[in-house]
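Q: Have a look; sequence and predicted model below, questions after that.
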Amino acid sequence: MKKDYYGILNLGKEATKEEVEKAYRTLALKYHPDRNPDDPSAAEKFREVTEAYEVLSDPDKRAQYDQYGFASDDQEMPFQYHHVNLDDALRMFMNSFGSGFGSFFGGGDPFGETAFSRRGPEHGEHRAVTLKITLDEADHGVEKEIEFTHLITCTDCSGSGSKGGKPPLECPECGGSGSKRSVRRLGPVQYVTTTACMRCGGEGSIISDPCTRCRGRGMVRETARKSVSVPPGVDSGNRLRISGMGDAGERNAPSGDLFLLIDVQAHRFFERKGDDLYCEITVSYPQAVLGSTVKIRTLEGTVEMKVPSGCAPNTVLRLKGKGMPNIRTPSRRGDLYVKVKVEVPKRPSIKERSLIKKLMDAQGQRKEFG
Ligand SMILES: [Zn+2]
Ligand SMILES: [Zn+2]
């Protein structure tokens, strides 16, 4: 059985990790079963793109697939296909993109509190707060105290909205049904329309004496503090979910969730792309010519790096495993890429001038080009 995982995600074999993520996200959102309730084939496509993503987003599995994926006739080293079922696929999708994917569907500002669409009365609303952390904290993981506001059940009326917890009265307008029927006749045809009762807002009951603390709402706004643990490897755009810390649900329904929107601040020395880090160092001309061992302060302590002799300006050297931890597998780290710049002194000392002059005499001068 052959499966073209690249084809499934519409990618070429050279696709980068970011391209794999992006392609998967686009297709997973397109085929997500919640979005395609009337199309049973969408769930299978969703499952399939997730399976492809599971393999291509994991460097080890991808390498194995690249090597053996299309040679399954080879009985010695066939690629082990991982069949992902729909439940696994839905779970993986949630893990990859945070559970509040309502915001992907709803559009709008993902960092605004309005991004999380209302789920209806069976859940309280989700809340979101942005959590700024440093690159160092993203590297090690960190415990942070966050402050946020959410709605909690009013303790004065136990969420009933009625003063002293008195039971609400049946709505006199609709007789407790919450809806109003109107009948309209057009010739021989009778049209019956049902609309929500205006008086009680479709509740079927009215509060005659509202609770003074919550003004009949059943909920009050509260500023809360909570200590949260941010795992190593998080990056800007990641969302962490804290279950049940959103708004309280109406009439004792479960609370919504709180989402932490991670914002990793820029670092003075390192630039981050995925799990890899990038930096620049400047060495002297003799160091570049003769080679040198330099020390680089990484997030995990100082490491020594060999600048090879004859190092041309802007050479990029790689320090394997000195990047950021991978959020899913923190023991696996990205790499650190060091760009070596060569300094040309603007104002050499008299001694330097005479030495450089000697070098020029030894090398001769190149004056004609082209
Ligand atoms: Zn009513
Ligand atoms: Zn109240």
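A: Thanks, I have the structure now. Residues are numbered from 1 along each chain as shown. Ligands and ions are numbered 1, 2, ... in the order given.

Q: Tell me, please, where in the stretch 101-250 of the chain the pLDDT is lower than the cut-off.
A: In the predicted model, the stretch 101-250 of the chain carries pLDDT under 70 at residues 101-122.

Q: mind listing the strands in it by residue range?
A: For the stretch 101-250 of the chain, strands defined by DSSP state E, counting those that start in this stretch occupy the ranges 127-133, 142-153, 169-170, 179-186, 189-196, 205-206, 219-230, 239-242.

Q: again with the stretch 251-370 of the chain
A: Using DSSP E, counting those that start in this stretch, the strands of the stretch 251-370 of the chain run over residues 258-264, 271-273, 276-284, 292-298, 301-307, 315-319, 336-343.

Q: Quick check: which of the ones you listed is nearest to residue 222?
A: Distance to residue 222, taken as CB to CB, is lowest for strand 258-264 among the strands of the stretch 251-370 of the chain, at 12.6 Å. C-beta coordinates here come from the backbone N, C-alpha and C atoms, glycine included.

Q: Export that closest one to CSV, keeping only CA atoms.
A: What follows is strand 258-264, C-alpha atoms only, in CSV (Å, rounded to 0.1, in the frame of the first residue of the first chain):
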residue,chain,number,x,y,z
LEU,A,258,-9.1,30.5,29.2
PHE,A,259,-6.6,30.7,26.4
LEU,A,260,-3.1,32.0,26.9
LEU,A,261,-1.8,33.6,23.7
ILE,A,262,2.0,33.3,23.9
ASP,A,263,4.0,36.3,22.8
VAL,A,264,7.8,35.6,22.9
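
Q: Each with direction, which strands does that strand pair with?
A: Strand 258-264 has its sheet partners listed here by DSSP bridges as strand 127-133 (parallel), strand 239-242 (antiparallel).

Q: mind putting those strands in TSV, distance to ligand 1 and mean neighbour count included?
A: Listed next are the strands paired with strand 258-264 as TSV, based on distance: least, CB to the ion, whole Å; neighbours: other CB atoms under 10 Å:
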stretch	distance to ligand 1	mean neighbour count
strand 127-133	31	18
strand 239-242	37	17
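
Q: which residues touch the closest residue to residue 129 other than its chain neighbours?
A: Nearest residue to residue 129, sequence neighbours excluded (CB to CB, 6 or more residues apart in numbering): residue 148, at 4.6 Å. Contacts for residue 148 (CB atoms under 8 Å, 6 or more residues apart in numbering) come out as 127, 129, 223-224, 226, 245, 258.

Q: Could you rank these by neighbour count and give me the top one?
A: Counting neighbours by other CB atoms under 10 Å, residue 258 comes out on top of those with 25 neighbours.

Q: what separates residue 41 from ligand 1, distance-wise?
A: Residue 41 sits 44 Å away from ligand 1, going by CB to the ion, to the nearest Å.

Q: Hmm, I typed the wrong one, I wanted residue 31.
A: 42 Å.

Q: Verify the stated contact: that residue with residue 52.
A: No - Residue 31 is beyond contact range of residue 52, at 11.9 Å (criterion: CB atoms under 8 Å).

Q: More neighbours: which of the two?
A: residue 52 (24 against 21).

Q: Only alpha carbons, please: show the helix or strand where the more buried one lies as CSV.
A: Using DSSP states H and E, residue 52 sits within helix 40-56. Taking C-alpha atoms only, helix 40-56 is exported to CSV below (Å, rounded to 0.1, in the frame of the first residue of the first chain):
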residue,chain,number,x,y,z
PRO,A,40,-19.1,12.5,5.0
SER,A,41,-16.1,12.4,2.7
ALA,A,42,-14.7,15.5,4.4
ALA,A,43,-14.0,13.5,7.6
GLU,A,44,-12.0,11.0,5.6
LYS,A,45,-10.0,13.7,3.9
PHE,A,46,-9.5,15.4,7.3
ARG,A,47,-8.2,12.1,8.7
GLU,A,48,-6.0,11.6,5.7
VAL,A,49,-4.3,15.0,5.8
THR,A,50,-3.7,14.6,9.5
GLU,A,51,-2.0,11.3,8.9
ALA,A,52,0.2,12.9,6.3
TYR,A,53,0.9,15.7,8.6
GLU,A,54,1.8,13.4,11.5
VAL,A,55,4.5,11.8,9.3
LEU,A,56,5.8,14.8,7.5
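
Q: How far off centre is that helix?
A: The chain centroid and the centroid of helix 40-56 are separated by 20 Å under CA atoms, centre = their mean, to the nearest Å.

Q: cool, and stretch 248-255?
A: For stretch 248-255, the distance to the chain centre is 27 Å (CA atoms, centre = their mean).
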